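1. Sequence first, then the predicted structure, then my questions.
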Amino acid sequence: MLEPAGLENSIGIISGFYAKDPTDPQWADDAYTREFLSWLQSYYSGGKSSDIFAVLGYDVIQPLIYLLEQCGDNLSRENIMRQAESFHQVRFPWLLPGITLNTSRTDHLPIKEMRETRFNGKTWELLDDLN
């Protein structure tokens, strides 16, 4: 999104992120990035790691898999809802350090935190030391 405005004009912009960007060099040696790129090559070889929909699809299916594993053999609506409402500090490799998923009976929004980042002209730098 920053390219049309000019990357040089975007230096210093501050934003919030909760997920790793597999195209960002800071995550090049990260296990998540290697796993995602391997998956992309195996199952969507024409896809690009910069395709936000490929990344998002890969990332958001993981909590669904986790949920179904928590349900075990009981896939009743009641059990699915009970499990979906009981995420507590659940961590996935695609989340930035310090970010976890949490839900409850009254709160179904699993991501409640973001990390502050600043654009340096090429990549987004985390502004704290939670790495």
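-> That came through fine.

2. remind me which residues of the chain are low pLDDT?
-> 130-131 (pLDDT under 70).

3. What ranges does it have for its helices?
-> 31-43, 52-71, 77-84 (DSSP state H).

4. Could you point out which of the ones you listed sits nearest E3?
-> Nearest to E3, of all the helices of the chain, is helix 52-71, at 13.9 Å by C-beta to C-beta. Any C-beta I mention is one placed from the backbone N, CA and C, and that applies to glycine too.

5. What helices and strands are in contact with that closest one?
-> helix 31-43, helix 77-84 (3 or more C-beta pairs under 8 Å, 6 or more residues apart in numbering; DSSP states H and E).

6. Which one, of those, ends up nearest to L68?
-> The nearest among the helices and strands packed on helix 52-71, by C-beta to C-beta, is helix 77-84 at 8.2 Å.

7. starting at the chain centroid, how far to that closest one?
-> Taking C-alpha atoms, centre = their mean, to the nearest Å, one finds helix 77-84 lying 23 Å from the centre of the chain it belongs to.
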